[in-house]
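In: Structure for the following, please:
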Amino acid sequence: MISHAVMAVPYAVVALLVTRSQVDRRIELAVRNPGALIWQTTFWVVLPNIRFGVLTAAFLSFVKSWEEIAVTLFGTSVKIVALPRMIWAGLRDNVDPVIAVISVALILLTLFGMIAKLIVSLRPKA
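Out: Here you go, the predicted model:
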């Protein structure tokens, strides 16, 4: 949906610009000097250096899109039922155990992500 993309673009752009500004431009120029093409430089040098910025941009865009229930409600038709709209309708109309399951799954996914990050950060550096 275009409305979700329009709302998420600023977050993604800021995350990518901050990450890109921290990459040393001389590395890219050193790769280009022997004759590497732009696409080779992009895929083999630039993207590996900004991969966490790309992941952050994707995560922020997803979260921003997920939390905007108003855009989801007004931006979809009767034929298209997005997951946030289904959850909202289930909460408003009736008590459905599927909504509780989805909520628990999202909480567990977040918890596992936080635990994985903690384990990686506590791992001794070689």
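In: In terms of secondary structure, what does the helix or strand residue 15 falls within contact?
Out: Under the criterion of DSSP states H and E, residue 15 resides in helix 2-21. The contact analysis (3 or more Cβ pairs under 8 Å, 6 or more residues apart in numbering; DSSP states H and E) places helix 2-21 against helix 51-67, helix 69-75. The way it works is simple: take the backbone N, C-alpha and C, and place the C-beta from them, glycine included.
In: Need these in a markdown table (columns: distance to residue 109 and mean pLDDT).
Out: Listed next are the helices and strands packed on helix 2-21 as a markdown table, based on distance: least, Cβ to Cβ, whole Å; pLDDT from 0 to 100:
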| stretch | distance to residue 109 | mean pLDDT |
| --- | --- | --- |
| helix 51-67 | 12 | 87 |
| helix 69-75 | 19 | 67 |
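In: Tabulate those in a markdown table, adding columns for mean neighbour count and distance to residue 86.
Out: Output for those, formatted as a markdown table (neighbours: other Cβ atoms under 10 Å; distance: least, Cβ to Cβ, whole Å):
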| stretch | mean neighbour count | distance to residue 86 |
| --- | --- | --- |
| helix 51-67 | 15 | 13 |
| helix 69-75 | 14 | 10 |
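In: Put together CSV for those helices, with distance to residue 45 on each row.
Out: Shown next, in CSV, are these (distance: least, Cβ to Cβ, whole Å):
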stretch, distance to residue 45
helix 51-67, 12
helix 69-75, 37
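In: between these, which gets nearest to residue 19?
Out: Residue 19 lies closest, by Cβ to Cβ, to one member of the helices and strands packed on helix 2-21: helix 51-67, at 2.6 Å.
In: For that closest one, output the C-alpha coordinates as CSV.
Out: The C-alpha trace of helix 51-67 is given here as CSV (Å, rounded to 0.1, in the frame of the first residue of the first chain):
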residue,chain,number,x,y,z
ARG,A,51,23.8,-4.1,6.0
PHE,A,52,22.8,-3.2,9.5
GLY,A,53,21.4,0.1,8.3
VAL,A,54,19.4,-1.7,5.6
LEU,A,55,18.0,-4.1,8.3
THR,A,56,17.3,-1.2,10.6
ALA,A,57,15.4,0.6,7.8
ALA,A,58,13.4,-2.5,7.0
PHE,A,59,12.6,-3.0,10.7
LEU,A,60,11.6,0.6,11.3
SER,A,61,9.4,0.6,8.1
PHE,A,62,7.7,-2.6,9.2
VAL,A,63,7.0,-1.3,12.7
LYS,A,64,5.7,2.0,11.4
SER,A,65,3.4,0.3,9.0
TRP,A,66,2.2,-2.2,11.6
GLU,A,67,1.3,0.5,14.2
